[in-house]
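>>> Sequence isn't available, so here's the structure alone:
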């Protein structure tokens with residue numbers, strides 16, 4: 001389907017996609033006339049007071065910036081070259097990116113704000129998503145059985161999972177009771193047990209950004225967006241800022257077998273992060289992330305609309321504890337990492353026949369928003385119809401060599 005002619009694209013405006021506050025960092029593909037040293041490619045950019053500025057004279061990668069002790073101070077002391085108003089860049093990213101490879105754009109366009117960092121994700125950190133994961137497993141990915149099982153589990157639990165501290169004595173007692181009732185699950189193990197689920201979402205440089213297409217497999221009949229907050233973490237484990245993310249998921253694949261997690265989670269366009277990383281400073285800190293509200297809106301080319309929201313206060317594990325489970329004496333990340341904190345919910349609104357639940361259609365516009373982190377907007381297509389991912393680590397090395405010689 002030709003996405004750039006759809007009303008879900010042409011009717012969208014970028015007026016509220018980034019707050020007029022804070023200090024932000026990200027990446028943009030700059031064509032040669034605007035590029036540092038005239039070399040088209042990925043550039044580190046900052047945003048402050050709605051002005052976009054190039055930081056390439058000081059930083060080749062966002063990973064390098066986030067590895068500094070104080071990224072805010074590092075930006076303040078770095079040379080900056082203005083690239084214009086951020087709303088213009090956001091609009092370019094919508095209309096330049098949809099249906100096109102980023103390096104074919106004639107104007108600056110946003111990339112995901114992460115480059116060399118590993119992209120990790122935590123699962124089953126919210127009670128509502130925990131319930132849906134158990135349903136996926138028990139139905140073996142058959143969405144026609146989801147409603148019946150959802151009612152059965154809720155009746156059995158009676159809401160007893162709410163406010164359970166993972167790994168606590170109460171959690172272990174609940175585990176024993178659920179085992180006795182025959183509804184224990186591997187998802188309940190990571191949901192209320194001592195160890196969080198942590199997996200690799202995709203490879204460095206593979207995530208897509210604001211305005212790009214996100215992908216689902218053509219043969220997946222049950223899939224969904226997963227709206228999340230994503231932490232930007234330094235090599236030493238210091239949390240430097242946060243962004244919005246979409247951990248696109250194939251529910252039928254993961255439901256068939258947990259061993260299909262890689263297929264369910266890591267495909268072309270299956271990870272979106274953006275629009276930018278908001279850096280922690282005196283006006284924005286981890287406490288603001290922990291209090292954040294996150295909303296999801298899906299607008300289909302078929303007229304379907306879905307809207308929902310949730311609160312980070314519902315998370316069952318603190319962001320700091322999740323970072324500590326990812327990085328420490330047992331595992332290091334010399335280029336830092338981006339950490340998805342887990343989704344608050346999986347959409348269940350029927351799309352079509354009653355009891356069929358939600359699944360994506362090609363052309364869906366997906367908006368994930370939080371008042372202090374902006375709005376991440378993407379369009380759904382089949383993975384094999386997306387521009388292929390070609391700019392990997394070898395391309396970055398070659399780009400760095402060319403820039404050094406220029």
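Structure received. If you're wondering where the values come from, they're calculated on a predicted model, not measured in any experiment.

>>> all helices for the stretch 301-406 of the chain, in order.
Shown for the stretch 301-406 of the chain, the helices assigned by DSSP state H, counting those that start in this stretch span residues 319-326, 393-405.

>>> deepest of those, which one?
Of the helices of the stretch 301-406 of the chain, the one with the most neighbours on average (mean count of other CB atoms under 10 Å) is helix 319-326, at a mean of 18. (Each C-beta comes from the backbone N, C-alpha and C, glycine too.)

>>> what comes into contact with that one?
By CB atoms under 8 Å, 6 or more residues apart in numbering, the residues outside helix 319-326 that reach it are 120, 122, 125, 195-196, 198, 231, 233, 237, 239, 286, 289-290, 333, 337, 339, 341-342.

>>> Report the buried members of the residues you listed.
Buried subset of those (neighbour count, 16 or more other CB atoms under 10 Å): 120, 122, 125, 196, 198, 231, 233, 237, 239, 286, 289-290, 333, 337, 339, 341-342.

>>> In helices only, show me these.
Using DSSP state H, the members of these that fall in helices are 286, 289-290.

>>> would CSV of the residues you listed with pLDDT be doable?
Shown next, in CSV, are those (pLDDT from 0 to 100):
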residue, pLDDT
286, 98
289, 97
290, 96
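
>>> With mean pLDDT and distance to residue 39 added, can I get the helices of the stretch 301-406 of the chain in JSON lines?
Putting these into JSON lines (pLDDT from 0 to 100; distance: least, CB to CB, whole Å) gives the following:
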{"stretch": "helix 319-326", "mean pLDDT": "95", "distance to residue 39": "34"}
{"stretch": "helix 393-405", "mean pLDDT": "95", "distance to residue 39": "6"}
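
>>> So, low pLDDT: which residues of the stretch 301-406 of the chain?
Residues of the stretch 301-406 of the chain meeting the criterion pLDDT under 70: 345.

>>> can you give me the strands in it?
305-311, 337-340, 365-370, 374-382 (DSSP state E, counting those that start in this stretch).

>>> Would you mind finding the most buried of these?
Of the strands of the stretch 301-406 of the chain, the one with the most neighbours on average (mean count of other CB under 10 Å) is strand 337-340, at a mean of 28.

>>> ranges for the strands of the stretch 51-200 of the chain?
Counting by DSSP E, counting those that start in this stretch, residue ranges of the strands within the stretch 51-200 of the chain are 51-54, 81-85, 109-110, 118-123, 197-202.

>>> who does the last one pair up with?
When pairing is defined by DSSP bridges, strand 197-202 lines up against strand 118-123 (antiparallel).

>>> ok, the ones in helices among the buried ones among the contacts of helix 319-326 vs residue 280, which is closest?
Comparing these against residue 280 with CB to CB picks out residue 286 as the nearest, at 6.8 Å.

>>> any idea how far that closest one is from residue 244?
Look at residue 286 and residue 244: by CB to CB, to the nearest Å, they are 16 Å apart.

>>> Ok, residue 108 next?
From residue 108 to residue 244 the distance is 20 Å (CB to CB).

>>> Neighbour count: these two, which is higher?
The neighbour count for residue 108 versus residue 244, taken as other CB atoms under 10 Å, is higher for residue 244 (27 against 22).

>>> Who does the residue nearest to that one when sequence neighbours are not counted form a beta bridge with?
In this structure, residue 244 finds its nearest non-sequential neighbour in residue 376, 4.2 Å apart by CB to CB, 6 or more residues apart in numbering. Note on residue 376: beta-bridge partners residue 368, judged by DSSP bridges.

>>> Looks like residue 376 contacts residue 230 (just checking).
No. Counting by CB atoms under 8 Å, residue 376 stays clear of residue 230, with 9.7 Å between them.

>>> who touches both of the two?
Between them, residue 376 and residue 230 share the contacting residues 243-245, 273, judged by CB under 8 Å, 6+ apart.

>>> and which of those is nearest to residue 175?
Nearest member of the shared contacts of residue 376 and residue 230 to residue 175, counting by CB to CB, is residue 245, at 29.7 Å.

>>> State the distance from the residue nearest the centre of the chain to residue 253.
For the chain, the residue nearest the mean C-alpha position is residue 245 (2.0 Å; CA atoms, centre = their mean). Distance from residue 245 to residue 253, counting by CB to CB: 20 Å.

>>> And for residue 329?
34 Å.

>>> neighbour-wise, which of these two wins?
In terms of neighbours (other CB under 10 Å), residue 253 is the more surrounded of residue 329 and residue 253; the figures are 22 against 5.

>>> which residues touch that one?
The contact partners of residue 253, by CB under 8 Å, 6+ apart, come to 141, 217, 220, 260, 263-264.
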